[in-house]
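# fold the following, please.
(chains A and B)
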Protein chains: 2
Amino acid sequence: MRIELLTIGDELTDGRTVDTNASALGRALSELGLVVERITTLRDDREVIAAEMRAIAARSDVCIASGGLGPTSDDLTVEALADAAGVALEHDEASWSHIRAVFAPKEPPGGNLRQARVPAGGRALATEVGTAPGIALDTGGCTFFLLPGFPHELRWHLDRHVLPALRARRGGPSLQVRTLLFAGIGESALAERIVPLGLPETLRVAYRVRPLYIEVKLTGTDTGALDDAAARVAAAGRSDYLGDGATGLVELVLERCRARGLRLGAAESCTGGLFGAACTDVAGASAVFAGSIVAYANDVKTASLGVSAELLERHGAVSEACAAAMVAGARRALGCDVAVAITGIAGPGGGTADKPVGTVCLGYAGPGFERTETIRLRGDRERVRLRSVARALDGLRRSLAP
Amino acid sequence: MRIELLTIGDELTDGRTVDTNASALGRALSELGLVVERITTLRDDREVIAAEMRAIAARSDVCIASGGLGPTSDDLTVEALADAAGVALEHDEASWSHIRAVFAPKEPPGGNLRQARVPAGGRALATEVGTAPGIALDTGGCTFFLLPGFPHELRWHLDRHVLPALRARRGGPSLQVRTLLFAGIGESALAERIVPLGLPETLRVAYRVRPLYIEVKLTGTDTGALDDAAARVAAAGRSDYLGDGATGLVELVLERCRARGLRLGAAESCTGGLFGAACTDVAGASAVFAGSIVAYANDVKTASLGVSAELLERHGAVSEACAAAMVAGARRALGCDVAVAITGIAGPGGGTADKPVGTVCLGYAGPGFERTETIRLRGDRERVRLRSVARALDGLRRSLAP
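Coordinates of the predicted model:
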């Protein structure tokens, strides 16, 4: 089943609105094991929309369109579909009485009559949200679903009308997905481990770099081949393999602490609170995460974390000695079993010959481990800070490995 | 000039990623007075991408593509463009030495060689962010710009390479933009103040809601009319007007502290470090920002901020009494002149009848001011946390007003 999406509206092409409908549709369909072949976004232009609908009908089996079902003159999707199918628009009394009920006891403004029109041969998709019905029409060997652009109305029509129809129609072997997460390795280095596995051509391998980890998605129809490939890719990841998509890096670290009854804390300098923000981004973090001392100024490192002025004088704030003192201070100040410290030069200024921008020192301490490391990160200030948080989380994950 | 966008990647068609690159490109182009005719999003399929590129070349003058420039086997955009143009790929030594410099002292993984290839007749767009160069190629009467999919890299290439080229090509009276920032007011409330001004039809007014403030962009060709309109819009903003685009909310708060020689600190609970992260997102924050005590657990509020157990018992952690105690503790612990405290219920759990999810208490203290407030925020956990940081920053801005 070849499926395309068509999202319509000037506010999409001029960037005023981010197209979250396309991603919502794509997610819902891929969860059904269905593949969206392409997404086309067009301005409110009846002829252009109609022409694209004819092209879509010629190459695909299903088109889900969103937007342009409103009551105003720039809502042209229904006319365009009628043009594409070469049929007239007909008044749909059921839709009209629904619209009148929505406005009762007032009469609907005249413009709403537009929302009660269906191309001949099509059917209105009854709605309980908003005024506009959805519309379904088979033309040129393609089934068109026209859905409202309001995200919650779109979702309602999707769940009630579109997904059930596609589920019934799909049949055959359905696409399945295996998601694997990796941390502590770059995208290309990971690919160099996966490519030699010579996975079956029938499987699709897709990489995606997320702020805190790399996501590898295997897609195919053969369950056995997928499971085998997933196992081999996971093994190739060695200690850089986090697990399946269900558990991100933050969740994994929190879970490992929770499982062992350990309380987590941090001391941050260059990340300024990003590590704590990442941990508390997860609901329920309070069960494990105690807090973080953001010691941006050196005298705060001394006052709140007990890093001696002599140490700062001798080694500097960006040093493994300072990271070790910070992590010890964090455990004391926050009463934590496990802590991490991050101190570095995020740039753009502050770099030196021996400590260039991107130099970050980390300290880890917990039951049975106490270590520090120095890493060199590339990129701008934002990236250095994010990568520092990712490294700190991954360092904790490895230290807490069962 | 007919312009199309082409965004590439399975993660877009399957909905894992919301396509913010398309909207960022659409916004940037419409600010130049240019119109995006259509946006096409395709999967990582070399033949399909190449075929679409040929179709785009046949109907448009410019195509800006994003994504698929990475080092792995599913990054196919450059091959596809070479296919579409019917030319070979050539090694670009300048790009390769940049990539090697990025990885130095290590050698780049072999896969990165892919990123140093340019279709014959095209040119690499030098980059200072990330490893992949952009690519520009004229073929079939259409100029293709291939840009990386990482938003900050895309933005960099857009500003350095693409927009200047399109500005030069467009000709005509050059559009100018005035950017004004507002905080502490909603988008529609702000519009209700600006619409009655009856600004000239020749000016384009665009609103954009950012995490920490609202951005209003005035676009036009008449400098005098623009300056006059900007002045009137700023005046209509009253105390909610922050200034021009040059100074965001964080920068403004830091600047007001710097100007008065005040040191800034924070105590955070529900935001978990987001406030500190926002302050230190600005290079040079260290001149003003001392740090933040992220006291997520109540016993940390007591130990590190001196919030008494009795107070927590009587009023609860989400209370103005707690916020006041936290802000006092932050000033002591961090040795700050000015501090803010944030404690609230970000959700999804933890809400009660009298303190529902979204209830946030803030405390502000500094020379000549000491106050607390309770606000109710709508939205999910992420939004509540972001809006809390925005409110804390705006509260500081108003307290520090000259």
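# got phi/psi on the residue of chain A most remote from its centre?
Centroid-distance maximum for chain A: A:E310 at 45.5 Å, with C-alpha atoms, centre = their mean. Backbone geometry at A:E310, expressed as degrees, to the nearest 10, gives phi -60, psi -50.
# ok, it to B:A236 distance?
56 Å (C-beta to C-beta, to the nearest Å). Every residue, glycine included, has its C-beta placed from N, CA and C.
# now do the contacts for the residue nearest to A:D244 when sequence neighbours are not counted.
Nearest residue to A:D244 in three dimensions, chain neighbours excluded: A:T179, at 5.8 Å (C-beta to C-beta, 6 or more residues apart in numbering or on different chains). A:T179 makes contact with A:E215, A:V216, A:K217, A:L218, A:D244, A:G245 under the criterion C-beta atoms under 8 Å, 6 or more residues apart in numbering or on different chains.
# quick one, helices of the stretch 101-250 of chain A?
Remark: helices assigned in the stretch 101-250 of chain A by DSSP state H, counting those that start in this stretch are A:151-157, A:163-170, A:187-194, A:223-237, A:249-259.
# which SSE is the closest residue to A:E107 other than its chain neighbours in?
Distances taken as C-beta to C-beta, 6+ apart put A:R100 closest to A:E107, at 7.1 Å, once the chain neighbours are dropped. Element membership of A:R100 [criterion: DSSP states H and E] is helix A:93-103.
# could you check the pLDDT of whatever residue of the stretch 51-200 of chain A ends up closest to chain B?
Nearest to chain B, among the residues of the stretch 51-200 of chain A, is A:S188, at 3.9 Å (C-beta to the nearest C-beta). Here, the pLDDT recorded for A:S188 equals 89.
# compute the inter-axis angle for the helix or strand containing A:S23 and helix B:20-31.
A:S23 is part of helix A:20-31, with elements assigned from DSSP H and E. Helix A:20-31 runs at 160 degrees relative to helix B:20-31, counting by axes from the mean of the first three to the mean of the last three C-alpha atoms, to 10 degrees.
# so for helix A:20-31, what gets flagged as buried?
By neighbour count on 16 or more other C-beta atoms under 10 Å in any protein chain shown, the buried set for helix A:20-31 is A:T20, A:N21, A:A22, A:S23, A:A24, A:L25, A:G26, A:A28, A:L29, A:S30.
# and the helix-or-strand element of chain A with minimal mean pLDDT, how far out from the chain middle?
The helix or strand of chain A with the poorest confidence is strand A:204-209; it has a mean of 84 (mean pLDDT, DSSP states H and E). On the basis of C-alpha atoms, centre = their mean, to the nearest Å, strand A:204-209 sits 14 Å off its chain's mean C-alpha point.
# stretch A:92-105 too?
On C-alpha atoms, centre = their mean, the centre of stretch A:92-105 falls 38 Å from the chain's centre.
# stretch A:86-102 too?
38 Å.
# just the residues contacting it, thanks.
A:78-79, A:82, A:107-108, A:112-113, A:115-122, A:124, A:126-127, A:130-131, A:133, A:139.
# now, of those, which are buried?
In terms of neighbour count (16+ other C-beta under 10 Å), the buried residues within the contacts of stretch A:86-102 are A:78-79, A:82, A:108, A:112, A:115-119, A:122, A:124, A:127, A:130-131, A:133, A:139.
# of those, which ones also sit close to chain B?
Contacts with chain B are made by none of these, judged by C-beta under 8 Å from any C-beta of the partner chain.
# inside strands: which ones of the residues you listed?
A:R117, A:V118, A:P119, A:A124, A:T139 (DSSP state E).
# turn those into JSON lines, columns for pLDDT.
What follows is those, written out as JSON lines (pLDDT from 0 to 100):
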{"residue": "A:R117", "pLDDT": "95"}
{"residue": "A:V118", "pLDDT": "96"}
{"residue": "A:P119", "pLDDT": "97"}
{"residue": "A:A124", "pLDDT": "95"}
{"residue": "A:T139", "pLDDT": "96"}
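# looking at the residues you listed, which is nearest B:I293?
B:I293 lies nearest to A:A124 out of those, by C-beta to C-beta, at 58.6 Å.
# for the closest one, which non-adjacent residue is spatially closest?
Per C-beta to C-beta, 6+ apart, closest to A:A124 is A:P133, 4.0 Å.
# which residues does that neighbour contact?
Residues near A:P133 by C-beta under 8 Å, 6+ apart: A:D92, A:S95, A:H98, A:Q115, A:A116, A:V118, A:A124, A:L125, A:A126, A:T127.
# run a quick neighbour tally on the third one.
Read it as A:H98. By other C-beta atoms under 10 Å in any protein chain shown, 19 other residues sit near A:H98.
# how close does the residue nearest the centre of chain A sit to A:L181?
Centrality entry for chain A: nearest residue to the mean C-alpha point is A:R210, 8.4 Å, by C-alpha atoms, centre = their mean. When distance is defined by C-beta to C-beta, A:R210 is 8 Å away from A:L181.
# what's the distance between A:P356 and A:I64?
Distance from A:P356 to A:I64, by C-beta to C-beta: 50 Å.
# quick one on the thing from earlier: list only buried entries from the contacts of A:T179.
Applying 16+ other C-beta under 10 Å to these flags A:E215, A:V216, A:K217, A:L218 as buried.
# would CSV of those residues with pLDDT and distance to A:E268 be doable?
Shown next, in CSV, are the buried ones among the contacts of A:T179 (pLDDT from 0 to 100; distance: C-beta to C-beta, whole Å):
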residue, pLDDT, distance to A:E268
A:E215, 91, 26
A:V216, 93, 30
A:K217, 88, 32
A:L218, 91, 36
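# including distance to chain B, could those go into JSON lines?
Formatted as JSON lines, those follow (distance: C-beta to the nearest C-beta, whole Å):
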{"residue": "A:E215", "distance to chain B": "8"}
{"residue": "A:V216", "distance to chain B": "10"}
{"residue": "A:K217", "distance to chain B": "7"}
{"residue": "A:L218", "distance to chain B": "12"}
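# report how many residues lie close to A:L334.
If you count neighbours by other C-beta under 10 Å, A:L334 ends up with 28.
# find me the pLDDT at the closest residue to it other than its chain neighbours, would you?
Nearest residue to A:L334, sequence neighbours excluded (C-beta to C-beta, 6+ apart): A:G265, at 3.6 Å. pLDDT for A:G265: 98.
# so what's the residue count around A:G265?
Burial of A:G265 is recorded as 30 neighbouring residues (other C-beta under 10 Å).
# which helix or strand contains it?
Per DSSP H and E: strand A:264-268 holds A:G265.
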